[in-house]
Structure formats: C-alpha cells, structure tokens
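**Student:** sequence and predicted structure below; questions after.
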Amino acid sequence: DGGITQSPKYLFRKEGQNVTLSCEQNLNHDAMYWYRQDPGQGLRLIYYSQIVNDFQKGDIAEGYSVSREKKESFPLTVTSAQKNPTAFYLCASSISGTGNNYGYTFGSGTRLTVV
Amino acid sequence: KQEVTQIPAALSVPEGENLVLNCSFTDSAIYNLQWFRQDPGKGLTSLLLIQSSQREQTSGRLNASLDKSSGRSTLYIAASQPGDSATYLCAVFLGGYNKLIFGAGTRLAVHP
C-alpha cells in the first residue's frame, strides 16, 4: 500500500542535542512538507519541498533544517537552536507543490519530548 | 494574512444526532479546502477535498459545503456514531503561496 512512514513514533531529546525525524513516502509525490502541532493550535508549516534538491522555509523554520536528496525522503533535523522543540511533528506529501492542490496525505506523526 | 477559524472548539453530542462543524477563512482567494480527521496521538486522515469551483462534496455520512464568497465551509455529519469521536480540522490551500493553512480544529465527542 502507498503511504507516508514517519519514524520514530516517539523521540526524546536532551538539551543541546540535535535529532533527526524521518519521513519516507512511496506515493511518487513531488512535494513534501513538515508541520508542527502544539496543543490547542492548528498545524504550522516548518519547511516544504516542491521538488528534489529544493526546499523553502515555512512560517516557523528557525531552529530546524531539512534536506531533499531523494524524491521519497524528506528528513527534518531539530537543532539545539530550537528552544521549545517539544511538539507533535507531522510530515505530508502532495502530487504537486505548484499550482493547484490535489490533496495532502499525512504520516502518523512523531512526538518529540525534551528531557 | 489568511486566517482559518473553526467553531465550536469542542462539541459533545448523543449518538444518532446530525451535526454541523463550521470553518471560516478571511481571504476568499483559495484554490480549495480540505477537511481532515485526527484521532488522539495520530496523523491526519483526509475526509473531503472541495475545489474552489465546487459547492459541495459527499462521502458516506459526510457532506462538506463551500461558500467561497462568504469565506465559509461546513462539515455535516449525519447520524453520528461514537466512532466519529475525533478532532476535525479544516485547511485552505493558497495556490500562489503553495501553502495549506489550518484551523485549530473542533474536538467532537459522540457518546452512546
């Protein structure tokens, strides 16, 4: 079955540590996205990529970094510069990142906690 | 700046009731609108996608309408069941910015 796989499901980060969240899709979608979800708030866009080897900052990119070396993969690194990283992180993909939207598909999320 | 608002924030109903969830957006220049369901601790499941040229979409007991000129969408759930309990999110797509902007969601509880 086609879909998006996020791993790990739970992740714990120590102060000053960088951690990387994995996102893989086998839907042959061009565009991929990372969102952050905090309790009682809507999803906020961190980074997005419309095509391989290209990505843009979203609304809350500070303290995060991404890469898009393969169409299937869009890993997110939470750096030590992100002062409040505890949140639920969601990865999504869509057929095309330009022009119209044919619907987004989401992964099952990674819950990151600072310890 | 596009803002998406969902009312009510939470809703509790007895099983079998028909109910309406509301979504409003401030800028009518959207490409389309998508309704999602989110179970606790899980990712988002797409329910319905309405293109800007459409008025409504239906899937089973769900019906979503879109009034782009007034900046409103509603999600109608017929004959609600306990399994419908979840958070429902609406999101609008801004084509020029390639962004999907979300509301904060409506948390629905359907009790037997």
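**Tutor:** Thanks, I have it.

**Student:** going forward, measure contacts and count neighbours with C-alpha atoms only.
**Tutor:** Will do.

**Student:** who does the lowest-mean-pLDDT helix or strand in chain B pair up with?
**Tutor:** Sorting the helices and strands of chain B by mean pLDDT, DSSP states H and E puts strand B:99-102 at the bottom, at a mean of 87. Sheet pairing for strand B:99-102, assigned by DSSP bridges, gives strand B:86-94 (antiparallel).

**Student:** centroid-nearest residue for chain A?
**Tutor:** Nearest to the mean C-alpha position of chain A, by Cα atoms, centre = their mean, lies A:Trp34 at 2.7 Å.

**Student:** in what helix or strand does that residue lie?
**Tutor:** Assigned by DSSP states H and E, A:Trp34 belongs to strand A:31-37.

**Student:** for B:Asp84, phi and psi?
**Tutor:** phi -80, psi -10 (degrees, to the nearest 10).

**Student:** correct me, but it touches B:Arg107?
**Tutor:** No. With contact defined as Cα atoms under 8 Å, B:Asp84 does not count as touching B:Arg107 (10.4 Å).

**Student:** who's more crowded, those two?
**Tutor:** B:Arg107 (21 against 17; other Cα atoms under 10 Å in any protein chain shown).

**Student:** tell me the contacts of that one?
**Tutor:** Residues near B:Arg107 by Cα atoms under 8 Å, 6 or more residues apart in numbering or on different chains: B:Ala9, B:Ala10, B:Leu11, B:Ser85, B:Ala86, B:Thr87, B:Tyr88.

**Student:** what's the nearest residue to the fourth one if we skip its chain neighbours?
**Tutor:** Across the structure, with Cα to Cα, 6 or more residues apart in numbering or on different chains as the measure, the residue nearest B:Ser85 apart from its sequence neighbours is B:Ala109 (4.6 Å).

**Student:** what is the neighbour count of that neighbour?
**Tutor:** Applying other Cα under 10 Å, we find 20 other residues in the vicinity of B:Ala109.

**Student:** stretch B:91-102: which residues count as buried?
**Tutor:** Neighbour counts over stretch B:91-102 (16 or more other Cα atoms under 10 Å in any protein chain shown) mark B:Ala91, B:Val92, B:Phe93, B:Leu94, B:Gly95, B:Asn98, B:Lys99, B:Leu100, B:Ile101, B:Phe102 as buried.

**Student:** could you redo those residues as CSV and give each row distance to A:Gln82?
**Tutor:** Listed next are the buried residues of stretch B:91-102 as CSV, based on distance: Cα to Cα, whole Å:
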residue, distance to A:Gln82
B:Ala91, 26
B:Val92, 28
B:Phe93, 27
B:Leu94, 27
B:Gly95, 29
B:Asn98, 25
B:Lys99, 23
B:Leu100, 23
B:Ile101, 22
B:Phe102, 22
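
**Student:** appreciated, that's everything.
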